[in-house]
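**Student:** Predicted structure and sequence below. I'll ask about it afterward.
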Amino acid sequence: MTSKIATDEIASPYSQALLSLAQSKNFTEEIGADARSLLALFQENQDLQNFIANPFIKGENKKVLIRQILGESGNPYLRNFLLLLVDKRRIAFLEAVLNQYLVLLRQLNQTALAEVISAVPLSEAQQQAVVEKVLSITNARQVELQTKIDSDLIGGVIIKVGSQVIDASLRGQLRRLSLRLTGN
């Protein structure tokens, strides 16, 4: 198993190369959307992750799978890039490359990533309120929301933007109240 630092160091030049390619062809957003779709597919399918990362599976078999996943509707530059990762024996780092690409894309677009954890799914109005709050505390032009549901929160939300955490959950309020009452 490779460390996160080693993985990031290997993935970084590839993600930067993918962004340079996307910028030169004016496909940054399209490749970003495809990257998000691929990452979601990887999150849902452990077998797919294992297949791609397995060094004993022939590269040609991985290429066939990549072509099937992306199909004709996928961006041809991204497809060729992924096939290159197979040839360079770096396809095991696909998730890290795509995640770093999205980080670079957000930096390019001055977009803040806000992870929102709530007890129940947020309505459109609640999501808009979160976006406005994040815009007010950052210098970003846009906000990308990643929502997660955690019923243990009881109610409210936790918003994470970079290293900043805003805990407006009932669980967090109860914990803070408990700390005040016990004097810790």
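**Tutor:** Now that the structure is in, tell me what you want to look at. Residues are numbered from 1 along each chain as shown.
**Student:** which strands and helices sit next to the strand or helix carrying Asn61?
**Tutor:** Secondary structure from DSSP states H and E places Asn61 in helix 59-70. With contacts taken as 3 or more C-beta pairs under 8 Å, 6 or more residues apart in numbering; DSSP states H and E, helix 59-70 sits against helix 28-44, helix 46-53, helix 76-87. C-beta coordinates here come from the backbone N, C-alpha and C atoms, glycine included.
**Student:** Export that helix to CSV, keeping only CA atoms.
**Tutor:** The C-alpha coordinates for helix 59-70 follow below in CSV (Å, rounded to 0.1, in the frame of the first residue of the first chain):
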residue,chain,number,x,y,z
GLY,A,59,-3.2,-3.5,-19.6
GLU,A,60,-5.2,-4.5,-22.7
ASN,A,61,-8.0,-5.7,-20.5
LYS,A,62,-8.0,-2.4,-18.5
LYS,A,63,-8.1,-0.5,-21.8
VAL,A,64,-11.1,-2.4,-23.0
LEU,A,65,-12.9,-1.6,-19.7
ILE,A,66,-12.0,2.1,-20.0
ARG,A,67,-13.3,2.2,-23.5
GLN,A,68,-16.5,0.5,-22.4
ILE,A,69,-17.0,2.9,-19.4
LEU,A,70,-16.4,6.1,-21.4
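**Student:** I'd like the helices and strands packed on helix 59-70 as TSV, with distance to Lys4 appended.
**Tutor:** Supplementary listing: those in TSV, determined by distance: least, C-beta to C-beta, whole Å:
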stretch	distance to Lys4
helix 28-44	16
helix 46-53	15
helix 76-87	19
